[in-house]
Structures are given as structure tokens and as C-alpha cells.
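Participant: Here you go, sequence then predicted model.
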Amino acid sequence: MLIKSVRGFTPKHGNNCFFAENATLIGEVIMGDDCSVWYQAVVRGDVNGIYIGNRVNIQDGAVIHGTYEQSATHIGDDVSIGHNAIVHGCTIKDKVLVGMGSIIMDDSIVESNSIIAAGSVLPKNTRVPEGSIFAGIPAKKIKDISPKLQKGEIERIAKNYMQYAAWFK
């Protein structure tokens, strides 16, 4: 794993985290407990801060970044960032699933208990209401989340990634 200091900031993380050998953490990154950063994922806090809660998994090839002097990135607890997703200068609250290959742009806010479908693009300043599923390019609300999806997708994936990370320790 590459951990690199820049502009006087060194990444910090909590307890029981897993970092793949080729994951990259740079600069002002503060991460909670039980997180995982997977193969070829980049968490790049060089131009603005990246603040990550507990039990967050950042899957293979994902990029987390911000915009210089404008937009930091905030990620809550129990969040799954899917393979090859881009999370840029936005806020993602608790219990969110960001689908594979999706893009969330600056100053967007994804409220808790929501899903961003695979391949979706949230343009700058998009607001995802709590309990919503957004899909498409540009992403729009397609429906409210059901209790089945809440348990079967958001919570299941977050929990599974804690198990997967334990296999590598």
C-alpha cells in the first residue's frame, strides 16, 4: 500500500482496517474503524480533505478525490463504494451503496439509506433524498428503497466487505 504525505497532511485511519497492497492513500485522509480500501483504489486527499466514517469499503479501482479550495469529500458510516466508482467533492451520508462505475460529482449530497445504481452519473449539486434509488445519466430518482433492498443490498454488502477484509489479515 502507498501512504503518501502531502502539504503537511498524512493519512490517518482507525482500528481494524484493511488496505490492499496496491491501494493508495494520499494527504488529508481521515478514516474510521473497520474500513477497507481494495486493489488499485485511490483515496487522494491532496487538494482537499477526505473524511470517511466507520465500516466503509472502497472497492477495486474506485477513486475518491475533491476539488481544490472548494469541495471536500465526506463519507458516513456503513457505506460501500463499488468497483471503479468516482466520488468527487461530495457528501455521502450513512448506509449508502454507490454502484459500480457510478460517478458522484462536486457538492452533491446523497442522504442516508440510498442506492446509486451502477453506471449512474450524479452531476454537480445533485441532492438524493433519504431512502431513494437513483439511476441513469444524469441520475434521477427511480423509486423509494424498500426494506428488502435496505437489508439485502446496502447492509449485506457493507457487512460482507468486513468479512472479505478479514480473509486478508
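Facilitator: Alright, I've got the coordinates.
Participant: alpha carbons only for contacts and neighbour counts from here, please
Facilitator: Fine.
Participant: buried stuff in stretch 152-167?
Facilitator: Buried residues in stretch 152-167, counted by 16 or more other Cα atoms under 10 Å: 153-155, 157-159, 161-162, 165.
Participant: Next: stretch 15-23.
Facilitator: Buried positions in stretch 15-23, judged by neighbour count with 16+ other Cα under 10 Å: 17-20, 23.
Participant: Just give me the residue closest to the centre of this protein.
Facilitator: I81 (4.1 Å; Cα atoms, centre = their mean).
Participant: Which residues are in contact with that one?
Facilitator: The contact partners of I81, taken as Cα atoms under 8 Å, 6 or more residues apart in numbering, are 56-59, 62, 97-100.
Participant: Next: D144.
Facilitator: By Cα under 8 Å, 6+ apart, the neighbours of D144 are 131-133.
Participant: Which of the helices and strands in this structure ranks last by mean pLDDT?
Facilitator: Lowest on mean pLDDT, DSSP states H and E among the helices and strands of the chain sits helix 147-149, with a mean of 90.
Participant: Quick one: residues in contact with the helix or strand just after it.
Facilitator: Following helix 147-149 in sequence order, the next helix or strand is helix 156-167 (DSSP states H and E). Helix 156-167 is contacted from outside by 17-18, 34-36, 55-57, 78-80, using Cα under 8 Å, 6+ apart.
Participant: Got phi/psi on M31?
Facilitator: Main-chain dihedrals, M31, degrees, to the nearest 10: phi -130, psi 140.
Participant: Pull out the buried positions in stretch 19-38.
Facilitator: Within stretch 19-38, the residues scored as buried using 16+ other Cα under 10 Å are 19-20, 23-38.
Participant: Next, count neighbours for K143.
Facilitator: A total of 11 residues lie near K143 under the criterion other Cα atoms under 10 Å.
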